[in-house]
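[1] Predicted model follows, preceded by the sequence.
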Amino acid sequence: MDSIIVRGNGPLKGQIPIAGAKNACLALMPATLLSEEPLTLTNAPRLSDIRTMTQLLASLGAEVTALQDGKVLATSCHGEIKPVADYDIVRKMRASNLVLGPLLARLGHAVVSLPGGCAIGARPMDIHIDALAALGAEIELKDGYLHANARGGLKGAVHEMRFASVGATENFLMAAVLAKGTSVLKNAAREPEIVDLAKCLRAMGAQIEGEGTSDITIQGVDRLHGATHPVVTDRIELGTYMLAPAICGGEVECLGGRIDLIESFCEKLDAAGISVEQTHTGIKVSRKNGRVRAVDVVTEPFPGFPTDLQAQMMALLCTAEGTSVLEEKIFENRFMHAPELVRMGAKIEVHGGHATVHGVDKLKGARVMATDLRASVSLILAALAAEGETMVSRVYHLDRGYERVEEKLSAVGAKIERVKGD
Ligand SMILES: CC(=O)N[C@H]1[C@@H](OP(=O)(O)OP(=O)(O)OC[C@H]2O[C@@H](n3ccc(=O)[nH]c3=O)[C@H](O)[C@@H]2O)O[C@H](CO)[C@@H](O)[C@@H]1O
Ligand SMILES: C=C(OP(=O)(O)O)C(=O)O
């Protein structure tokens, strides 16, 4: 297993290009199951999760070819489609559940392994099941697999979700585009990745209105055609790299960054005393001398502060002046980075969904272990300004969501290297 070694150093300077969004691409790729014609995705990120989705789609009979060094994904699904998403692939990545809606829409049936929980929480599928059942699917659990059937075809319906689940909104959208009649999803998720999926489906001939709001209306059509779609910028990778100069000092421009993708996050950086400026080419972040100020953070569905940036924000607040409270409202177990940060000298107390961070002057390098994707990168961020050397092990989590992290950070002056393991 690879590890990453970081030697804390001074201010960072330069530019970091931001990739296309993992979480958008993982929803866009299964959309290929909805049409016999090719779907081409440009600005794709080069990540292990994308390779896992490629494997899953191939196991279902779709073809995914990575072009231009992986930045373009040419997908097509014109042959026989297999309806079974196997446990061995689904267990690797929860987003595998995003084939359920498209398989049901195209074939009228699907058998998809239940993904199970993961390190950050239980993550059940009840909201997905209720949403697809509203469109007429009968879904039962047998031998760890969800067996979904809509033999007479899916029918448009009005459905309100009990919580604005991102994945359930994506599955509902991809099922409803080929259902008979009109569907309305109420309390839909509003994340930029949902907007991106709706844009792509519309380019494929779907009729969708209201994405980005809580009510999405879909008029079902008989078939979808091919399209080319650019994947939206990764707002989580963006926020992560914006925190690097915020933690170390200096000035970094995140190329392709847009403030409208992460406004609530930018407001917190501003409150902490970090300068954030939209430029023609991206977002410029700078921090002058002196400590950042403590701020309180509550994670919420978009447009609230993203849970996927909570761990990284905690890394910043470890050395803030004063005490910050972070409340995690999306996942029940998403503070595993806290004890690792404590190994680096941070003062953090976790009580249920709250973490209280008492800012210290400086963190110190240590051996730490990555427990999940965002936890991994929070440890790297903390290490950038810590005294001495930090070794982050189990970085396979990191490779799920960050491409070439060592190269991107080295390019702005960080001392970071990957050590290859078995
Ligand atoms: C691949 C992808 O896009 N992943 C993102 C997506 O995950 P994902 O789509 O899994 O997140 P959801 O919005 O569905 O989940 C949010 C909360 O709802 C709960 N829930 C969800 C579905 C369900 O049927 N029942 C249920 O109880 C979950 O356990 C969790 O506590 O949105 C999350 C919330 O912004 C992000 O952290 C993930 O990075
Ligand atoms: C939690 C995340 O991803 P996933 O939903 O794929 O586990 C994430 O991207 O931070």
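    Here it is on my side, so go on. Numbers count the residues shown, from 1 in each chain. Ligands and ions are numbered 1, 2, ... in the order given.
[2] what is residue 184 paired to in the beta sheet?
    residue 158, residue 217 (DSSP bridges).
[3] burial count for it?
    When neighbours are defined as other C-beta atoms under 10 Å, residue 184 has 17 of them. C-beta here means a position set from N, CA and C on the backbone, and glycine is covered the same way.
[4] what sits against it?
    Neighbouring residues of residue 184 by C-beta atoms under 8 Å, 6 or more residues apart in numbering: 157-159, 215-218.
[5] near ligand 1, which residues of the stretch 1-150 of the chain?
    Counting by C-beta under 6 Å from any ligand atom, the stretch 1-150 of the chain comes close to ligand 1 at 23, 26, 94-95, 121-128.
[6] Tell me, what's the model's pLDDT at residue 117?
    For residue 117, the pLDDT comes out at 69.
[7] How about the residue of the chain found nearest ligand 2, nearest residue that isn't a chain neighbour?
    Using C-beta to the nearest ligand atom, the single residue of the chain nearest to ligand 2 is residue 308, 4.0 Å away. Sequence neighbours aside, residue 236 is the residue nearest to residue 308 in space, at 4.5 Å (criterion: C-beta to C-beta, 6 or more residues apart in numbering).
[8] Around ligand 2, pick out the residues from the chain.
    With C-beta under 6 Å from any ligand atom as the criterion, the chain meets ligand 2 at residues 23, 94-95, 118, 308, 373-374, 401.
[9] which residues does the spatially closest residue to residue 393 that is not a sequence neighbour bridge with?
    With sequence-adjacent residues excluded and distances taken as C-beta to C-beta, 6+ apart, residue 393 is closest to residue 3, at 4.6 Å. With DSSP bridges as the criterion, residue 3 is bridged to residue 393, residue 419.
[10] From residue 126, how far out is residue 3?
    Residue 3 is 38 Å from residue 126, where distance means C-beta to C-beta, to the nearest Å.
[11] Pick out the most distant pair among the contacts of residue 184.
    Of all pairs drawn from those, the widest gap by C-beta to C-beta lies between 157 and 215 and measures 13.7 Å.
[12] Comparing those two, which residue is more hemmed in?
    Neighbour totals were compared for residue 157 and residue 215, and residue 157 leads with 18 against 14 (other C-beta under 10 Å).
[13] Now the buried members of the residues of the chain next to ligand 2.
    23, 94-95, 308, 373-374, 401 (16 or more other C-beta atoms under 10 Å).
[14] between those, which is closest to residue 47?
    residue 401 (6.2 Å).
[15] wait, isn't residue 208 in contact with residue 173?
    Yes - here residue 208 reaches residue 173: they are 7.0 Å apart, a contact under C-beta atoms under 8 Å.
[16] Compare the two (neighbour count), which wins?
    Neighbour tally, residue 208 and residue 173, criterion other C-beta under 10 Å: the higher count belongs to residue 173, 28 against 18.
[17] Helices along the protein, start to end?
    In the chain, the helices defined using DSSP state H lie at 22-28, 48-60, 87-90, 100-107, 126-134, 166-176, 192-203, 235-248, 263-272, 310-317, 337-343, 373-384, 396-399, 405-410.
[18] Please dump the ones you listed into TSV; it should also carry mean pLDDT for every row.
    Converted to TSV, the helices of the chain look like this (pLDDT from 0 to 100):
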stretch	mean pLDDT
helix 22-28	98
helix 48-60	97
helix 87-90	94
helix 100-107	98
helix 126-134	98
helix 166-176	98
helix 192-203	98
helix 235-248	98
helix 263-272	98
helix 310-317	98
helix 337-343	98
helix 373-384	97
helix 396-399	92
helix 405-410	97
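[19] right, and those - which one's nearest residue 286?
    helix 235-248 (6.2 Å).
[20] quick one, that closest one and helix 263-272 angle?
    10 degrees (axes from the mean of the first three to the mean of the last three C-alpha atoms, to 10 degrees).
[21] ok, now which ones touch residue 91?
    Residue 91 touches 113, 115-116, counting by C-beta under 8 Å, 6+ apart.
[22] Neighbour count: residue 3 and residue 126, which is higher?
    The residue with more neighbours, out of residue 3 and residue 126, is residue 3; 18 against 11, by other C-beta under 10 Å.
[23] my guess is that one meets residue 422, correct?
    No - shown here, residue 3 and residue 422 do not form a contact pair, counting by C-beta under 8 Å, at 11.3 Å.
[24] Please report phi then psi for residue 214.
    phi -80, psi -10 (degrees, to the nearest 10).
[25] roughly how far apart are residue 309 and ligand 1?
    Separation of residue 309 from ligand 1 (C-beta to the nearest ligand atom, to the nearest Å): 10 Å.
[26] correction: residue 336
    14 Å.
[27] Can you tell me the closest non-neighbouring residue to that residue?
    residue 371 (4.1 Å).
[28] tell me the contacts of the one you found?
    Applying C-beta under 8 Å, 6+ apart to residue 371 gives the contacts 119, 336-337, 340, 394, 397.
[29] so what's it scoring on pLDDT?
    For residue 371, the pLDDT comes out at 89.
[30] can you tell me which residues contact the nearest residue to residue 111 once chain neighbours are set aside?
    The shortest distance from residue 111 to any non-neighbouring residue, by C-beta to C-beta, 6+ apart, is to residue 84 (4.6 Å). Contacts here follow C-beta under 8 Å, 6+ apart; on that basis residue 84 touches 60, 110-112, 145.
[31] ditto for residue 25
    By C-beta under 8 Å, 6+ apart, the contact set of residue 25 is 41, 44-45, 50, 53, 73, 231.
[32] Please tell me how far it sits from residue 242.
    In terms of C-beta to C-beta, residue 25 sits 21 Å off from residue 242.
[33] Can you name the residues bridging to residue 358?
    residue 323, residue 347.
[34] Tell me the residues of the stretch 301-422 of the chain that contact ligand 1?
    Residues of the stretch 301-422 of the chain that fall close to ligand 1, judged by C-beta under 6 Å from any ligand atom: 307-308, 330-331.
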